[in-house]
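> Below are the sequence and a predicted model for it; my questions follow.
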Amino acid sequence: MRSGRIQSSASCSASSSSTFPHPPCLTSASRHCKLPRLLLPRAVSISQRVSRNCLVPEMTQFSFSKHSNTDRKHLFHAGVGALETSNTQAISTGPLIGEEKIGVLLLNLGGPETLDDVQPFLFNLFADPDIIRLPRLFCFLQRPLAKFISVLRAPKSKEGYASIGGGSPLRRITDAQAEELRKSLWEKNVPAKVYVGMRYWHPFTEEAIEQIKKDGIAKLVVLPLYPQFSISTSGSSLRLLESIFRDDEYLVNMQHTVIPSWYQREGYIKSMANLIEKELQKFDQPEKVVIFFSAHGVPLAYVEEAGDPYKAEMEECVDLIMEELEKRKITNAYTLAYQSRVGPVEWLKPYTDETIIDLGRKGVKSLLAVPISFVSEHIETLEEIDVEYKELALESGIQNWGRVPALGCEPMFISDLADAVIESLPYVGAMAVSNLEARQSLVPLGSVEELLATYDSQRRELPPPVTVWEWGWTKSAETWNGRAAMLAVLVLLLLEVTTGKGFLHQWGILPLFR
Ligand SMILES: C=CC1=C(C)c2cc3[nH]c(cc4nc(cc5[nH]c(cc1n2)c(C)c5CCC(=O)O)C(CCC(=O)O)=C4C)c(C)c3C=C
Ligand SMILES: [Fe+2]
């Protein structure tokens, strides 16, 4: 435990301490680390199915040509617009790959752009087996259940989206990040095209892939826009990619690599520290402010049963940011809590709301909230943190409240993402990356299939994080009521689907597949 860390009474997590940069598996998170498996020459990669010659030995690199800037520009012919880079310095490593076209696919969640989009967006989210994992026997109920839950949840979600201007800003921000990343790559002499593929709303990952095919991309770097890896976010997007890749002749011949998480990168850590330092200056007594990292939660079972590295990466990320701040003589107290839980099952603790109340009770007067799991403003920063948690903090006795903005298009951050892409290029198509440099995160570089095999290989059935309704007074009663409710709903749905009669048919919710 770091000296400045505030441990809420609700907290049970031990924090890891590490230096920066650090090798993998040397932190408290190492219990989640399954790296040694990657050292085995397992025959699991999509790229391996695709092209047998991609099984390159460790440290083997593709032959990179040292083209001049002009040469480099025409290496990528398709659809990069009229942008011309001039006077850009040559990079010594020369990460251009032959004459082949390079693409970068940014993966993100997606969000409803209008209030009418909210229910279908929620349907897509709850229809994702990485969000609600039904027992195998009941998987045919995934879509009816998703429809049911999305219809019930939509009014509450709509209120939230209405309060932030009638829709999610996610698409606009992600598009802007993609454009800045493209410019940064060009400035670094890597003429790549950048695509955006969202998991639950437009532009869908499938749309991005269609464009990648049309553009004739031969080598693809997949970059989820989540700093830390979770089965429910990056994992879900990779799962989808895996299924798209598997069935497509073109994609089978396209080599790729995935940067599964990048929370430990120097540029990201420094950018976060810059934002925190700047916001602290806005308080009358900056040194008395508690830095409050708030991460999006996941159900505890994801971490404890399925081996999701999310919590370990989050704790390590917070430690790295605090170490960077310490180097700048900023030694404020800090804490990490998890927000946005949905449904009755236990999520990662401590919960943000309980921690805020706890800090108020302990006499903390100034709090700086730092959203840490996502790099764009979204409903949970603009509504949950800025409105709900701020109100709760003020009611709990906290007098001074501040919030660090999301990174968005911060130049240092974007430039670092571009460096991450460039550093990953030698590994495009390479399997079993056992080079230490390439394995700084708990989830190392690798192909889609390889990563999914490393994390979440058994694809365990997990208790669903959401349920249709909750009641009861105690947590345990809530949990059991929730489970009973879920069971009842499943039985009802089963009866509906098999008999074709019931209240969902009466309401016109079923049948879904007309
Ligand atoms: C790292 C970030 C995120 C994790 C982990 C995550 C897990 C997770 N989320 C839900 C349920 C919902 N998420 C919703 C919106 C939403 N989620 C994230 C990020 C993570 N989710 C973002 C950035 C957003 C907002 C997008 C936007 O439009 O601005 C929603 C919809 C909003 C609402 O109704 O509250 C739901 C529902 C689960 C169940 C889960 C883990 C299993
Ligand atoms: Fe979410």
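Right, received. Where do you want to start? As the structure is a prediction and not an experimental result, all values here were calculated from the model. Ligands and ions are numbered 1, 2, ... in the order given.
> So for stretch 280-291, first residue to last residue, what's the gap.
End-to-end distance for stretch 280-291, by C-alpha to C-alpha, to the nearest Å: 9 Å.
> Which positions within that stretch qualify as buried?
280, 283, 286, 289-291 (16 or more other C-beta atoms under 10 Å). C-beta coordinates here come from the backbone N, C-alpha and C atoms, glycine included.
> Report the mean per-residue pLDDT for stretch 126-137.
The predicted model gives stretch 126-137 an average pLDDT of 88.
> What is the end-to-end distance of it?
Stretch 126-137 has an end-to-end distance of 18 Å (C-alpha to C-alpha).
> Hmm, I173 and E377 touching each other?
Yes: applying C-beta atoms under 8 Å, one finds E377 in contact with I173, separated by 6.5 Å.
> Output the below-cut-off pLDDT ranges for the stretch 301-450 of the chain.
Low-confidence segments of the stretch 301-450 of the chain (pLDDT under 70): 430-447, 449-450.
> For it, which residues are neighbours of ligand 1?
For the stretch 301-450 of the chain, the contact set with ligand 1 under C-beta under 6 Å from any ligand atom comprises 342, 373-374, 378-380.
> quick one: which of those residues has the most company?
Neighbour counts for those (other C-beta atoms under 10 Å) peak at S373, which has 24 neighbours.
> For it, give me its contacts.
S373 sits next to 226-228, 295-296, 314 when contact means C-beta atoms under 8 Å, 6 or more residues apart in numbering.
> Is the closest residue to ligand 1 within the chain in a helix, a strand, or coil?
The chain approaches ligand 1 most closely through G111 (2.4 Å), counting by C-beta to the nearest ligand atom. When states are read from DSSP: H, G, I helix; E, B strand; the rest coil, the local structure at G111 comes out as coil.
> Give me the neighbour count for it.
25.
> for S150, same thing?
By other C-beta under 10 Å, the burial measure for S150, its neighbour count, is 20.
> That one contacts I131, correct?
No: between S150 and I131 there is no contact under C-beta under 8 Å: 11.3 Å.
> what sits in contact with each of the two?
Shared contacts of S150 and I131, counting by C-beta under 8 Å, 6+ apart, come down to L125.
> For L223, pull up the helix or strand it's in.
Taking DSSP states H and E as the definition, one finds L223 inside strand 219-224.
> got the residues of this protein near ligand 1?
Contact residues, the chain versus ligand 1 (C-beta under 6 Å from any ligand atom): 109, 111, 125, 131, 153, 157, 168, 170, 226, 230, 232-233, 296, 298-299, 342, 373-374, 378-380, 465-466.
> If we use 5 Å, what do you get?
Contact residues, the chain versus ligand 1 (C-beta under 5 Å from any ligand atom): 109, 111, 131, 157, 168, 170, 230, 232-233, 296, 298, 342, 373-374, 378-379, 465.
> Cross those against helices and list the overlap.
Counting by DSSP state H, those place 157, 170, 379 in helices.
> What sits closest to the second one if chain neighbours are left out?
Yep, that's L170 we're talking about. In space, L170 comes closest to G111 once its chain neighbours are excluded; the distance is 3.8 Å by C-beta to C-beta, 6 or more residues apart in numbering.
> go on, the first one?
Residue nearest to S157 in three dimensions, not counting chain neighbours: V118, with 5.2 Å by C-beta to C-beta, 6+ apart.
> what's the neighbour count on that neighbour?
27.
> again with the one 10 residues further on
Under the neighbour criterion other C-beta under 10 Å, D128 is assigned a count of 19.
> Check I398 too.
Number of residues near I398 (other C-beta under 10 Å) recorded here: 22.
> same deal with Q119?
18.
> What residues sit buried inside stretch 353-369?
353-360, 364, 366-369.
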